[in-house]
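1. Sharing a sequence plus its predicted fold:
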Amino acid sequence: MKYDFDLDLTNSNSLLLILEQIRRGSVVLEFGPANGRMTKYLKQELDCDVYLAEIDEEAGKQALLYGKDLVIGDVENFEWFERYRDIKFDYIVFADVLEHLRDPKTVLDRCKLLLKHEGSVLLSVPNLAHNSVLINLMNNEFEYTSVGLLDNTHIHFFTKNSLENMVSQAGYFPIKRMATYSKVGTNELVNTVDSVKGIPASYWNTREYGEIYQYVYEIKAFREQTVNSENYIRPTLGNYYAEAFLGKEGYTPDKSLKTEIENIEGVSRIVFKSDMLLDEFRFDPVNTSAIIKVHQMTGFDKDNNAHELCLKNANCELSGNGIMIFFTGDPIMIIKSCDEADIVRAELVVEYISIDGEAIRKVSDATIKAAMTKEFQSENEILRADIALREQNYNNIIASKDEQIRELQLKIANLEQKVSDSENEIMAMRNSNSWKMTKIFRRS
């Protein structure tokens, strides 16, 4: 049996998210139970009455050990509807089933007639718009797999918007939106965020919903039940973080404090607290190439007195007026207390101007050398200088093209003049007496 898996209750997965929504003692209709891994839990742990619909007879008979009744057959033939039409269910479950159907909307629509008024449909579907799928597509690759996002038995595909549209068209309203997640390179599709030439890793790492592996929804058939709807979906997994290494010797990971950067395209306030007295520490503002501006660095001692923090050293290529440009993917700043006071808390306000590593590394050497010979006049001079240099190069190219165009226009004008002169000569010849006198000797 293809889907003969044990139920995993230790890691976040779609089956676990669904089970957490089901109340003890409920009446449940479960579609596609396979060997009954969820059915067993519903019966033995939640004391539910579970009715089943399964296309695989062998698997269905195993699941029936924990179920009340079983219908064997294609879901879209609706034998289950005839068998169970006199039962009202608290929950109808489609755990990774709808993607196997030709017309899941019609199936959902029919289910409304079997739900109690306060009943719910619980469903999970894979996300076709996962970064792993798109990276392969952009490299002209698309291969089905035995399981997962591109399971070779899937005939219907979903993104967030298409799932929402189907739910709405079937007459339902989401009351809980949940998801499971996987980063690129951690699922059955083998690729990396650096696999597409010309697209930086930062694009994939911040792409909305790109790391969602499965959407898990609880939906209801009556709008009044959606007053307290809940959305637990995270657009990204927080791929970017700042880190402080405590202690002067080695800056080892076991003495580090890490915090997720919530606003990677703007200003973030980053706070580190320590149980150690520090007058110096290492601060990694982000885990990728970046252009940043440090607006404020403040330390606080154990009595909560504020102390100014100073930059002792950094591995940036360029700095001035608080702006630093890091080509490296591991930016490092060594920060110390300006008055050598011991601190237990640091607050840093950092603006993330750019984390586009590819674009940052293209900042020209000429721009860097020019900027290093003088102080910045404003916080964006490095960017403006590079833009100006690029515009000049662009204008030079345009000027060269314009000159080529003018030469071609001149050649065209000369050719047009020659054509005009030839047409005038032909007209003059046709109007001459000799042309008229020899007309009888020419073929008409």
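-> Nice, I can see it.

2. Quick check: next helix or strand after whichever helix or strand residue 50 is part of?
-> Secondary structure assignment for residue 50, by DSSP states H and E: strand 49-54. As assigned by DSSP H and E, the chain's next helix or strand after strand 49-54 is helix 57-63.

3. That following helix - contacts with which helices or strands?
-> strand 49-54, strand 69-72 (3 or more C-beta pairs under 8 Å, 6 or more residues apart in numbering; DSSP states H and E). The C-beta positions use only the backbone N, C-alpha and C, and glycine is treated the same way.

4. Within the sheet, what are the partner strands of the shortest one, with directions?
-> Under the criterion DSSP bridges, strand 69-72 sits next to strand 49-54 (parallel) in its sheet.

5. Average pLDDT for the strand it pairs with, rounded please.
-> The average pLDDT for strand 49-54 rounds to 97.

6. Now that strand - C-alpha only, PDB.
-> Output of strand 49-54 as PDB, limited to C-alpha atoms (Å, rounded to 0.1, in the frame of the first residue of the first chain):
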ATOM      1  CA  ASP A  49     -17.200   7.100  15.900                       C
ATOM      2  CA  VAL A  50     -15.400   7.100  12.500                       C
ATOM      3  CA  TYR A  51     -17.100   6.300   9.200                       C
ATOM      4  CA  LEU A  52     -14.700   5.600   6.300                       C
ATOM      5  CA  ALA A  53     -14.500   6.000   2.500                       C
ATOM      6  CA  GLU A  54     -11.500   4.500   0.800                       C
END
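
7. mind checking how far it is from the chain centre?
-> Relative to its chain's centre, strand 49-54 lies at 36 Å (C-alpha atoms, centre = their mean, to the nearest Å).

8. ok, now stretch 300-312?
-> The mean C-alpha position of stretch 300-312 is separated from the chain mean by 38 Å, C-alpha atoms, centre = their mean.

9. low-confidence ranges in the stretch 201-350 of the chain?
-> Across the stretch 201-350 of the chain, residues meeting the criterion (pLDDT under 70) sit at 247-254.

10. how about the strands in it?
-> Applying DSSP state E, counting those that start in this stretch to the stretch 201-350 of the chain gives strands spanning 212-220, 230-231, 241-246, 256-260, 267-278, 280-284, 290-300, 306-314, 318-320, 323-326, 333-337, 343-354.

11. Can you show me the helices along the chain?
-> 14-19, 37-44, 57-63, 79-84, 104-111, 131-138, 160-169, 201-206, 357-361, 365-372, 381-430, 433-437 (DSSP state H).

12. ranking the ones you listed by mean pLDDT, which is last?
-> helix 365-372 (a mean of 55).

13. could I get the helices of the chain as CSV with distance to residue 195?
-> What follows is the helices of the chain, written out as CSV (distance: least, C-beta to C-beta, whole Å):
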stretch, distance to residue 195
helix 14-19, 26
helix 37-44, 34
helix 57-63, 37
helix 79-84, 43
helix 104-111, 32
helix 131-138, 5
helix 160-169, 23
helix 201-206, 9
helix 357-361, 14
helix 365-372, 28
helix 381-430, 27
helix 433-437, 74
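
14. In CSV, list the ones you listed along with distance to residue 179 and mean neighbour count.
-> Listed next are the helices of the chain as CSV, based on distance: least, C-beta to C-beta, whole Å; neighbours: other C-beta atoms under 10 Å:
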stretch, distance to residue 179, mean neighbour count
helix 14-19, 8, 20
helix 37-44, 18, 20
helix 57-63, 26, 18
helix 79-84, 28, 16
helix 104-111, 18, 19
helix 131-138, 14, 20
helix 160-169, 9, 15
helix 201-206, 17, 20
helix 357-361, 27, 16
helix 365-372, 42, 14
helix 381-430, 36, 11
helix 433-437, 88, 9
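
15. Reformat the strands of the stretch 201-350 of the chain as TSV; add mean neighbour count and distance to residue 43.
-> What follows is the strands of the stretch 201-350 of the chain, written out as TSV (neighbours: other C-beta atoms under 10 Å; distance: least, C-beta to C-beta, whole Å):
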stretch	mean neighbour count	distance to residue 43
strand 212-220	23	21
strand 230-231	12	27
strand 241-246	20	43
strand 256-260	15	40
strand 267-278	15	48
strand 280-284	21	51
strand 290-300	20	53
strand 306-314	16	60
strand 318-320	18	64
strand 323-326	24	57
strand 333-337	21	57
strand 343-354	20	51
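
16. okay, those strands in TSV with distance to residue 429 next?
-> Output for the strands of the stretch 201-350 of the chain, formatted as TSV (distance: least, C-beta to C-beta, whole Å):
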stretch	distance to residue 429
strand 212-220	80
strand 230-231	86
strand 241-246	86
strand 256-260	87
strand 267-278	82
strand 280-284	87
strand 290-300	73
strand 306-314	84
strand 318-320	75
strand 323-326	74
strand 333-337	87
strand 343-354	71
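
17. Out of the ones you listed, which gets nearest to residue 197?
-> Closest to residue 197 of these, according to C-beta to C-beta: strand 343-354, at 19.9 Å.

18. re earlier: out of the helices of the chain, nearest to residue 345?
-> Using C-beta to C-beta, the nearest of the helices of the chain to residue 345 is helix 201-206, at 28.8 Å.

19. contacts for the closest one?
-> Here helix 201-206 makes contact (C-beta atoms under 8 Å, 6 or more residues apart in numbering) with 131, 135, 184, 193-194, 210, 236, 239-240, 264-265, 288, 355-357.

20. Residue 286 versus residue 206, what's the distance?
-> Residue 206 sits 12 Å away from residue 286, going by C-beta to C-beta, to the nearest Å.
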